[in-house]
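Q: Structure, please.
(chains A and B)
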Protein chains: 2
Amino acid sequence: MGIRHIALFRWADGVTEDQVAGVAAALSVLPAAVPQLQAYAFGPDVGISEGAYDFGVVADVADPEGFAGYRDHPEHQKALGVILPLLADRAAIQFRLPDTPGEP
Amino acid sequence: MGIRHIALFRWADGVTEDQVAGVAAALSVLPAAVPQLQAYAFGPDVGISEGAYDFGVVADVADPEGFAGYRDHPEHQKALGVILPLLADRAAIQFRLPDTPGEP
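A: Next up, the predicted model:
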């Protein structure tokens, strides 16, 4: 059973492109630093739909213990230290990944 | 350049497990029906973090045209007809996938 963790961020007014680049930089070290990560993807919204959030992170881990390991990892906590002051809103979930991607 | 579309749903009060099962059933036909889908994963929150949304959908497509093809596909529109009446809140984004998953 895999777990997909998703976090979507809406930035506060006044957040700069440099600050968003700092978020991406902080997240970019995590695939190599966090052994529990099986896949990791993140990035800014590309502006092709109305009302979208500003930034998204998707972390695939093996199980709830893998999610806790990612969540509590010092490098992830460091990234949260960069992200949290910039947030106006955050939407998150963890759902079970099918054993065969694409299958129900 | 791949695009990852994410939609997170928070259900309205009173939504039943059967209704959520109906959502999953409507979404489960999409991988076979929508040629633009390169990967598709969805499911209910597994309850391992505070304040999580209730249901998540992740659709990977090749490009913005692929996203439009998915968004406008009759089977997707049919699924939206099942989902929208159940929603209290929805958070969505589309971000660019790295050419090599896991790489910054």
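Q: part of a helix, is A:A32?
A: Yes - A:A32 forms part of a helix when assessed by DSSP: H, G, I helix; E, B strand; the rest coil.
Q: State the number of residues packed around it.
A: Burial of A:A32 is recorded as 13 neighbouring residues (other C-beta atoms under 10 Å in any protein chain shown). (Glycine included, C-beta is placed from N, CA and C.)
Q: Let me see the contact set for the most centrally placed residue in chain A.
A: Geometric centre of chain A, nearest residue: A:V57, 2.5 Å, by C-alpha atoms, centre = their mean. Taking C-beta atoms under 8 Å, 6 or more residues apart in numbering or on different chains as the contact definition, A:V57 lies against A:H5, A:I6, A:A7, A:L8, A:F9, A:L27, A:Y40, A:A41, A:F42.
Q: mind running it again at 6 Å?
A: Taking C-beta atoms under 6 Å, 6 or more residues apart in numbering or on different chains as the contact definition, A:V57 lies against A:A7, A:F42.
Q: Identify the bridge partners of it.
A: With DSSP bridges applied, the residues forming beta bridges to A:V57 are A:A7, A:F42.
Q: how near is it to B:F42?
A: Using C-beta to C-beta, to the nearest Å, we find A:V57 at a distance of 18 Å from B:F42.
Q: What helix or strand is A:F9 located in?
A: strand A:2-11 (DSSP states H and E).
Q: Show me what that strand is packed against.
A: strand A:55-61, strand A:87-97 (3 or more C-beta pairs under 6 Å, 6 or more residues apart in numbering or on different chains; DSSP states H and E).
Q: Looks to me like A:Y53 is in a strand.
A: No - inclusion of A:Y53 in a strand is not indicated when three-state DSSP is applied; the result is coil.
Q: Report pLDDT for it.
A: Taken from the predicted model, the pLDDT recorded for A:Y53 is 98.
Q: From B:T16, how far out is it?
A: Using C-beta to C-beta, we find A:Y53 at a distance of 28 Å from B:T16.
Q: Tell me which of these two has more neighbours.
A: A:Y53 (23 against 10).
Q: which element is A:S49 on?
A: With DSSP H and E as the test, A:S49 turns up in no helix or strand.
Q: Excluding chain neighbours, give the residue nearest to A:A91 in space.
A: Nearest in space to A:A91, with sequence neighbours left out and distances taken as C-beta to C-beta, 6 or more residues apart in numbering or on different chains, is B:A91 at 3.5 Å.
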